[in-house]
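J.: Model the following, please.
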Amino acid sequence: MTDTDTSTGPPSPRRQPRFNHVAMSMPADALDETGRKEIVEFYREVFGWEELPTLTEDRHRLVLQAYTYEQFVFLIADEPPMTCPGLDHFGMSVGTGRELDEILARSKAFAARDERVEIIDRKVDDYGMLKLHSFYVRYLLPLMIEVQHFEWTEGHAPAAAD
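T.: Have a look, this model is predicted:
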């Protein structure tokens with residue numbers, strides 16, 4: 001234990017630090033009841049994220065849990081709100097090409113009924129030992145999301161991360 005260790009129980013296994021959230025500022029109007037409903041609908045349907053309703057504050061805050069409590073997208077009202085060049089983004093990785101295709105298909109299905117969905121279609125960058133499959137999508141948020149699948153050639157896959 002160190003001077004800054006605040007735990008009271010037995011030592012727990014260490015793990016590598018990891019990214020756990022992305023925060024973006026938005027106009028308050030984008031986080032009103034209608035705006036939140038639209039954002040939640042898209043990110044739930046396409047990515048399976050869920051609103052953390054106990055953290056929601058009308059016209060002020062919306063938090064989307066991305067699979068675990070330790071991974072989330074934090075949206076906060078502020079002036080001026082965040083603005084980004086077109087390709088500014090954060091990334092997610094999926095385990096298979098099929099998963100990537102399924103998320104892309106859900107994005108395109110949503111885009112068919114809402115023209116505010118922006119998609120940069122699937123591409124593959126071939127680095128020899130690695131083929132990086134990806135696409136980009138954005139809906140109402142300042143940042144795009146790049147969804148990636150790492151296809152390693154035999155004998156080059158890194159050890160699985162926890």
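J.: average pLDDT across stretch 143-152?
T.: In this model, stretch 143-152 has an average pLDDT of 97.
J.: which residues sit against it?
T.: Outside stretch 143-152, the residues within contact range by Cβ atoms under 8 Å, 6 or more residues apart in numbering are 22, 24, 47, 82, 84, 86-97, 99-100, 103-104, 118, 120, 129-138, 158. Where you see a C-beta, it was placed from the backbone N, CA and C, and this is true even at glycine.
J.: Please list only the buried members of those residues.
T.: 22, 24, 47, 82, 89, 92, 94, 100, 103-104, 133-138 (16 or more other Cβ atoms under 10 Å).
J.: Tell me which two in those are the farthest apart.
T.: By the measure Cβ to Cβ, Met82 and His133 form the most distant pair in the buried ones among the contacts of stretch 143-152, at 28.1 Å.
J.: circling back to that earlier point, now, which of the buried ones among the contacts of stretch 143-152 lie within helices?
T.: 47, 100, 103-104 (DSSP state H).
J.: Which residues are in contact with Arg122?
T.: Shown in contact with Arg122 (Cβ under 8 Å, 6+ apart): 100-101, 104, 133-135.
J.: re the thing from before, okay if I get the ones in helices among the buried ones among the contacts of stretch 143-152 as a markdown table plus pLDDT?
T.: Formatted as a markdown table, these follow (pLDDT from 0 to 100):
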| residue | pLDDT |
| --- | --- |
| Phe47 | 98 |
| Leu100 | 98 |
| Ile103 | 98 |
| Leu104 | 98 |
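J.: now those in CSV, with distance to Val73?
T.: Below are those laid out as CSV (distance: Cβ to Cβ, whole Å):
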residue, distance to Val73
Phe47, 9
Leu100, 19
Ile103, 15
Leu104, 19
